[in-house]
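Colleague: Pasting a predicted model and its sequence here:
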Amino acid sequence: MNKIKVCVAGGTGWAGSALSKGIVSTEDVELVSAISRSHAGKLLGEVIGVDGLPAPIYATAEEALQTHPDVLVEYTKPDAAKSHVLAALRGGAHAVIGTSGLSNEDYEEIDALARQVNRGVLAVGNFALTVVLLQKFAEMAAQYIPHWEIIDYAHNEKRDAPSGTARELANRLSGTRESQLDVPLEETQGVRETRGARMQGTQVHSVRLPGYVISIDAIFGMPDQKLILRHESGTSAEPYVSGAILAIREVGKLAGLHRGLDSVMKF
Ligand SMILES: NC(=O)c1ccc[n+]([C@@H]2O[C@H](COP(=O)([O-])OP(=O)(O)OC[C@H]3O[C@@H](n4cnc5c(N)ncnc54)[C@H](OP(=O)(O)O)[C@@H]3O)[C@@H](O)[C@H]2O)c1
């Protein structure tokens with residue numbers, strides 16, 4: 001069997017190490033390298049405590065690409081993600097983006113290069129199956145219910161706001177329509193910021209408090225009734241592993257940028 005060769009950028013991190021462990025126990029996928037600045041020169045297995053994982057760690061994407069991965073998985077930070085993905089595409093690899101915080105302009109640049117070199121990029125704000133389902137259900141609800149808002153909850157140390165999940169949900173709902181605002185934001189009496197941020201036609205509110213892990217509410221309101229779609233994540237990175245492995249398997253069949261895991265799932 002020809003295994004899919006993978007480089008995990010951020011393979012020593014919280015999400016990347018869980019994925020790397022998942023890849024080790026997956027038959028058709030092989031980890032050939034990882035990227036991390038502070039562990040460059042070591043073997044990934046030593047750093048994350050997995051026997052029989054001799055994948056070398058490099059500080060840069062350019063060095064890691066010398067191991068000829070078919071797919072680079074990006075799980076670092078938004079300021080490094082774009083250059084890693086562009087380097088992967090130039091080096092002939094496909095890319096799976098798990099990192100949150102890239103802008104729409106970043107995605108446009110990535111899409112343009114991916115099309116030019118005929119490689120696939122799959123960007124997924126949240127690989128968890130339950131989140132993919134929440135997105136689908138929310139899109140169905142938005143077809144029938146014109147009013148909705150999103151609340152994203154996370155722990156006090158999460159720096160990016162809103163979450164990648166909230167951004168991606170707002171992006172998807174914009175494909176259905178904009179949520180209806182009966183009082184225009186500029187006519188808000190009091191403090192306008194309390195109405196949240198308007199993102200691609202959706203009001204988004206971010207709560208950052210100790211005691212929360214990561215959760216999201218998509219609230220759809222109609223007269224005298226409402227539908228609340230809620231997703232809650234636990235503290236481990238386990239829910240993201242199987243979705244990321246599915247993305248690794250499927251991205252080679254794509255050309256250009258695709259967003260959301262459901263773009264490669266059957267419903
Ligand atoms: N899509 C999803 O389902 C999903 C799930 C979980 C997390 N995420 C996202 O994935 C990203 C990573 O999250 P995390 O919690 O795993 O972070 P983390 O634990 O801080 O790990 C970050 C990893 O990236 C490496 N890194 C950081 N900056 C780098 C750079 N400039 N060059 C090379 N390597 C660099 C780090 O190693 P060094 O510091 O040694 O370089 C480390 O291995 C975040 O954007 C997070 O929101 C997405």
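Modeller: Yep, it's here. All figures in this text were calculated on a predicted structure; none of them were measured in a lab.

Colleague: Residues of the stretch 51-200 of the chain that sit close to the ligand?
Modeller: Applying CB under 6 Å from any ligand atom, we find that the stretch 51-200 of the chain lies next to the ligand at 75-77, 80, 98-101, 124-127, 164. (Glycine included, C-beta is placed from N, CA and C.)

Colleague: So, low pLDDT: which residues of the stretch 101-250 of the chain?
Modeller: Scanning the stretch 101-250 of the chain for pLDDT under 70 picks out no residues.

Colleague: Now for whatever residue of the chain ends up closest to the ligand, how many residues are close by?
Modeller: Nearest residue of the chain to the ligand: residue 13, at 2.0 Å (CB to the nearest ligand atom). Neighbours of residue 13 under the rule other CB atoms under 10 Å: 20.

Colleague: in terms of contact, does it touch residue 75 like I think?
Modeller: Yes. Using CB atoms under 8 Å, residue 13 is in contact with residue 75, at 6.1 Å.

Colleague: any idea where the strands of this protein begin and end?
Modeller: Remark: strands assigned in the chain by DSSP state E are 4-9, 29-35, 57-58, 71-74, 94-97, 120-123, 147-154, 197-199, 202-208, 214-222, 225-233, 256-259.

Colleague: how about those strands, which one is nearest residue 88?
Modeller: Residue 88 sits nearest to strand 71-74 of all the strands of the chain, at 3.7 Å, using CB to CB.

Colleague: and that closest one, what does it pack onto?
Modeller: Contacts defined by 3 or more CB pairs under 8 Å, 6 or more residues apart in numbering; DSSP states H and E place strand 71-74 against strand 4-9, helix 78-90, strand 94-97, helix 241-251.

Colleague: same thing but at 6 Å, please
Modeller: With contacts defined as 3 or more CB pairs under 6 Å, 6 or more residues apart in numbering; DSSP states H and E, strand 71-74 has these neighbours: strand 4-9, helix 78-90, strand 94-97.

Colleague: any idea which of those is most buried?
Modeller: Mean neighbour count, computed with mean count of other CB atoms under 10 Å, is highest for strand 94-97 among the helices and strands packed on strand 71-74, reaching a mean of 28.

Colleague: that older thread, ok, which of the strands of the chain comes nearest residue 174?
Modeller: Among the strands of the chain, the nearest to residue 174 by CB to CB is strand 202-208 (7.2 Å).

Colleague: what's that closest one packed up against?
Modeller: So strand 202-208, by 3+ CB pairs under 6 Å, 6+ apart, packs with strand 147-154, helix 164-173.

Colleague: Need the winner for burial among those.
Modeller: With neighbours defined by mean count of other CB under 10 Å, none of these is more surrounded on average than helix 164-173, at a mean of 23.

Colleague: Now find how far off-centre it is within its chain.
Modeller: Offset of helix 164-173 from its chain centre (CA atoms, centre = their mean, to the nearest Å): 10 Å.

Colleague: Now do it against strand 225-233, angle only.
Modeller: With axes from the mean of the first three to the mean of the last three CA atoms, to 10 degrees defining the directions, helix 164-173 sits at 140 degrees from strand 225-233.

Colleague: Contacts for helix 164-173 next, please.
Modeller: Identification of contacts with helix 164-173 by CB atoms under 6 Å, 6 or more residues apart in numbering yields 100, 125-126, 131, 135, 139, 142, 150, 152, 199-200, 202, 204, 216.
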